[in-house]
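*Asks:* Fold the following.
(chains A and B)
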Protein chains: 2
Amino acid sequence: MSDQAAAVELITIGDELLLGFTTDTNGGYIARKLADVGVAVVRRASVGDTQEHIVAAIHEALDRTGAVITTGGLGPTDDDLTRDAVAAAFGRPLVLDEAHMEWMRERWRKRFGRDLPTTNRRQALIPDGARKLFNNYGSAPGVYIEDDRGRWLVMLPGVPREARGMTDDALMPIIRDKFGQTAGAVIRSRTLRTTGIGESLLADRLEADAPLRDAKAAGSMAYLPGVEGTDLRVTVRAASSSAADSALDRVAGALRAAAGEYIYGEGVDDMAGVLLDRCRARRATLCVAESCTGGLLGARLTAIPGSSDVFVGGVIAYSNEVKVRDLGVVQEAIETHGAVSEQVVRAMAEGARQRFDADVSLAITGVAGPGGGTDAKPVGLVWIAVATGDRLESRKLNLWGDREEIRYRATQAVMDLARRLLI
Amino acid sequence: MSDQAAAVELITIGDELLLGFTTDTNGGYIARKLADVGVAVVRRASVGDTQEHIVAAIHEALDRTGAVITTGGLGPTDDDLTRDAVAAAFGRPLVLDEAHMEWMRERWRKRFGRDLPTTNRRQALIPDGARKLFNNYGSAPGVYIEDDRGRWLVMLPGVPREARGMTDDALMPIIRDKFGQTAGAVIRSRTLRTTGIGESLLADRLEADAPLRDAKAAGSMAYLPGVEGTDLRVTVRAASSSAADSALDRVAGALRAAAGEYIYGEGVDDMAGVLLDRCRARRATLCVAESCTGGLLGARLTAIPGSSDVFVGGVIAYSNEVKVRDLGVVQEAIETHGAVSEQVVRAMAEGARQRFDADVSLAITGVAGPGGGTDAKPVGLVWIAVATGDRLESRKLNLWGDREEIRYRATQAVMDLARRLLI
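*Replies:* Presented below is the predicted three-dimensional model:
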């Protein structure tokens, strides 16, 4: 994507990124926002908390692309060196911004009822001639700085909430101002989310489909497998938003025809949100009974704002005693078939539905590992069930991955089963 | 950290990384493993799925460092270009590995009971003269390739489980072989995890501590704030493992003396694991009652393998009806004080403890947002309680961040309260 004018580079700063202790999520957020206005990130780099390395990376990116966004290294402690490195890279001294000092003092007084810690003083230092970018989310301001050849850099904090907020408030207005005239193309992507089918089988199915092959000639398609299923991301570049949108509409239509019911949503749709919407449309209430997932299914459903008009609650039935006492599972069913069995998962679903007087109930019991597997019931064996009053459906799953993946895939599969039953 | 011989560069490949749809977690895993044996990652870069860009990034890294690890772009679909780019960068043709084709055919027959999809054929292509690295976790093999100047590259898949497995199985033996003689220094880090105190206040406290200042002169210390609290990471470089370890022991001792009970663990210790261990040591069982967290607390506790000997289960009391019917909260308490109140959280904790006949019970009720806040009960107001039979402690929290952060911080705080009560 470097073959267009509207291009920037991202540099993320911090030893923790090179040592592997922290995962950068800010870069992705910034990249998505830029793509929306046709600006491409052509390179991402991470460097450590060493002033000379930061300065070198800034020089390289300025020489290559002339447009640089940094995140990280603006904290109050002495391992935060980005301010110093940016000042050095642009050959400017750091000067104390008295207005910002006063704002920080006031903020601490009001918010914490105490004096500003002395370590925070460094957050009021700004390279001479740079423009301060106000931070509504924390105490370190961002900075916009430009050299006499028009090459520029925006410095943002590394704390994700601050980086995201300042991307919206401060970075995007600068980007629109810079590239509003020159960005010749709109890059636009759409993602269709599939679950319940493997990447290779999905690819075989889609690549045999002639109308889809024609439609996607307008752009590129990526298969993105993950624990939620395989996402299909189509990217097109067009002269205008409307041309991009109509190309995407054609591909999405062809994909929906070819992949059918495996598609559960678009974009960042979460299965939990899709299922809640489907329940809401039917005025159905929802409850859960979880064994091996231990609350993860409820956590996913309630992560969606506004879930309380559909979701009632649930039982985390981790021990067998709770399955019997709180969900009405018959003790003999556990003894005869084991806690991970079709009989038990069906009884859990029906028991929860009755106990919470809900319209729809989801239940999960399985062997999440790493221990506890046997030849007959290996790690990854999970039973799921959905009860809707008139129907009680159960499925046996053989899931792969580690404990976290198995648990997550189980929540995805039981919500998908409910989604299909509620069509 | 580029001032030592044992250095490599990481290149992660995929449009999705530049467009911001996927977050790279493999790089962190690889970096941690390399640091353990004294090998530093001096640069990380991400490039898109365009062959010329991948080739350019590989050439740059080979010229700069001569030791390169790539992840991503080995899938079966036509946007997976790393094989082609590596072959081009080293000037070698791609040849079909018949043995690998046969292995894939057999794997599909056994595992899925069907023929190998035609798209997978490309995964058996290997640059001529490269060494195939067997992948126990998926169908794409890795590759080790070296040029006539001794510069080398290891190519790994991008699927996290495969990348991690192959780092352990295939990459690390190569790294030990390459750097076993030359790595003059051991880089070693230790992380102490704090919670319940802000980064600035913690820094003021620690930087006023003279013994700590002396101890940490041997290395560098980073403050890493996150939703779980602020981690303190100390990094030292020493001639031997034992010298590094004893320097770290000195710093850790001084930190423990200065930060006291705010420290709940080391390294990747999770608060859930710390609390489960503490319960286990007292032979105490544990249950939960969750409103705004909707199962997240249970999910965190049961994410720890072996939690079933301590954790019994819980009630997700999302609606007020469930709080009353299943936890014995008095209806008038909700009407008088509201569902988010000290009275209700205490009743939830006590109700759950009795219902599950557990020794310790944790309860959470709050306003996670983004909607539902009022002047009297704003978004971020959360009440937590811990009941232990003889004690019933509650705390009011004013949490910040988005819905996800508020919920996570609430689970962290209630587990921390229990941890302190169970000392």
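*Asks:* ok, residues contacting stretch A:363-371?
*Replies:* A:288-293, A:297, A:339-341, A:344-346, A:348-349, A:352, A:373, A:377-387, A:397, A:399, A:402-403, A:406-407, A:410-411, A:414, B:305-306 (C-beta atoms under 8 Å, 6 or more residues apart in numbering or on different chains). C-beta: built from backbone N, CA, C; applies to glycine.
*Asks:* And for stretch A:191-205?
*Replies:* By C-beta under 8 Å, 6+ apart, the residues outside stretch A:191-205 that reach it are A:223-225, A:228-234, A:252, A:255-256, A:258-259, A:262-269, A:271, A:412-413, A:416, B:21, B:75-77, B:112, B:117-120.
*Asks:* per-residue confidence at A:S2?
*Replies:* Note on A:S2: pLDDT of 34.
*Asks:* Can I get the buried part of the contacts of stretch A:363-371 as one ChimeraX selection?
*Replies:* Selection of buried members from those for ChimeraX, criterion 16 or more other C-beta atoms under 10 Å in any protein chain shown:
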select /A:288,289,290,291,292,293,297,339,340,341,344,345,346,348,349,352,377,379,380,381,382,383,384,385,386,387,397,399,402,403,406,407,410,411,414
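*Asks:* Could you double-check that A:V344 sits in contact with A:L327?
*Replies:* No. Counting by C-beta atoms under 8 Å, A:L327 is not a contact partner of A:V344; they are 9.3 Å apart.
*Asks:* Can you report how many residues neighbour A:R325?
*Replies:* 17 (other C-beta atoms under 10 Å in any protein chain shown).
*Asks:* and if you look at A:R420?
*Replies:* 14.
*Asks:* In contact with it, which residues?
*Replies:* Residues near A:R420 by C-beta under 8 Å, 6+ apart: A:E261.
*Asks:* where's it relative to chain B, distance?
*Replies:* Separation of A:R420 from chain B (C-beta to the nearest C-beta, to the nearest Å): 22 Å.
*Asks:* Give me the distance from whichever strand or helix holds that residue to the chain's centre.
*Replies:* For A:R420, the element it lies in under DSSP states H and E is helix A:403-421. Helix A:403-421 sits 18 Å away from the centroid of its parent chain (C-alpha atoms, centre = their mean, to the nearest Å).
*Asks:* cool, stretch A:299-310 as well?
*Replies:* Centroid separation for stretch A:299-310 versus its chain: 17 Å, with C-alpha atoms, centre = their mean.
*Asks:* Is chain B within reach of it?
*Replies:* Yes. Stretch A:299-310 is in contact with chain B by C-beta under 8 Å from any C-beta of the partner chain, via A:A299, A:R300, A:L301, A:T302, A:A303, A:P305, A:G306, A:S307, A:S308.
*Asks:* Nearest the middle, which residue of chain A would you pick?
*Replies:* By C-alpha atoms, centre = their mean, chain A has its centre lying nearest to A:V268, at 7.8 Å.
*Asks:* Name the nearest residue to that residue, ignoring sequence neighbours.
*Replies:* In space, and not counting its chain neighbours, A:V268 is closest to A:T191: 7.8 Å by C-beta to C-beta, 6 or more residues apart in numbering or on different chains.
*Asks:* how about A:L96, what does it touch?
*Replies:* Applying C-beta under 8 Å, 6+ apart to A:L96 gives the contacts A:R121, A:A124, A:L125, A:I126.
*Asks:* Against A:A124, how distant is it?
*Replies:* For A:L96, the distance to A:A124 (C-beta to C-beta, to the nearest Å) stands at 6 Å.
*Asks:* How about the residues of the stretch 151-300 of chain A by chain B?
*Replies:* By the rule C-beta under 8 Å from any C-beta, the part of the stretch 151-300 of chain A lying against chain B is A:159, A:161, A:189, A:191, A:198-201, A:203-204, A:207, A:220-225, A:231, A:233, A:235, A:288, A:290, A:292-300.
*Asks:* where does the stretch 151-300 of chain A have low pLDDT?
*Replies:* Filtered on pLDDT under 70, the stretch 151-300 of chain A yields the residue ranges A:180-185.
*Asks:* What are the boundaries of the strands in it?
*Replies:* A:152-156, A:186-194, A:220-226, A:229-238, A:263-266, A:286-290 (DSSP state E, counting those that start in this stretch).
*Asks:* Can you get me a residue count around whatever residue of the stretch 301-423 of chain A ends up closest to chain B?
*Replies:* Chain B sits closest to A:T302 of the stretch 301-423 of chain A, with a gap of 2.6 Å, by C-beta to the nearest C-beta. When neighbours are counted by other C-beta under 10 Å, A:T302 registers 28.
*Asks:* which ones are touching it?
*Replies:* Here A:T302 is in contact with A:S308, A:F311, B:C292, B:T293, B:G294, B:G295, B:L296, B:I316, B:Y318 (criterion: C-beta under 8 Å, 6+ apart).
*Asks:* any idea how far the fourth one is from chain A?
*Replies:* Applying C-beta to the nearest C-beta, the value for B:T293 to chain A is 7 Å.
*Asks:* what does the last one give?
*Replies:* Between B:Y318 and chain A the distance is 4 Å, computed by C-beta to the nearest C-beta.
*Asks:* Other residues contacting stretch A:255-273?
*Replies:* Contacts for stretch A:255-273 (C-beta under 8 Å, 6+ apart): A:190-197, A:202, A:205-206, A:209, A:211-212, A:215, A:228-229, A:232, A:234, A:252, A:274, A:300-301, A:303-304, A:307, A:412, A:415-416, A:419-420.
*Asks:* Then stretch A:210-221?
*Replies:* Counting by C-beta under 8 Å, 6+ apart, A:206-207, A:232-237, A:247-248, A:250-251, A:253-255, A:257-258, B:15, B:49, B:79 sit against stretch A:210-221.
*Asks:* can you pull the buried residues of it?
*Replies:* Neighbour-count burial for stretch A:210-221 flags A:L212, A:A215, A:K216, A:A218, A:G219, A:S220, A:M221 (criterion: 16+ other C-beta under 10 Å).
*Asks:* Would you point out the most distant pair within those residues?
*Replies:* Spatial extent of the buried residues of stretch A:210-221 (C-beta to C-beta) is set by the pair A:L212 and A:S220 at 13.4 Å.
*Asks:* SS state for the residue in chain A sticking out farthest from the centre?
*Replies:* Among the C-alpha atoms of chain A, the one most distant from their mean position (C-alpha atoms, centre = their mean) is that of A:E332, at 43.2 Å. Secondary structure, DSSP: H, G, I helix; E, B strand; the rest coil: A:E332 is helix.
*Asks:* For A:Q343, see how far away it is.
*Replies:* A:E332 sits 10 Å away from A:Q343 when distances are taken as C-beta to C-beta.
*Asks:* In what element of secondary structure is the spatially closest residue to A:A85 that is not a sequence neighbour found?
*Replies:* Spatial nearest neighbour of A:A85, chain neighbours left out: A:I54 (3.7 Å); criterion: C-beta to C-beta, 6+ apart. Using DSSP H and E, A:I54 sits in helix A:51-64.
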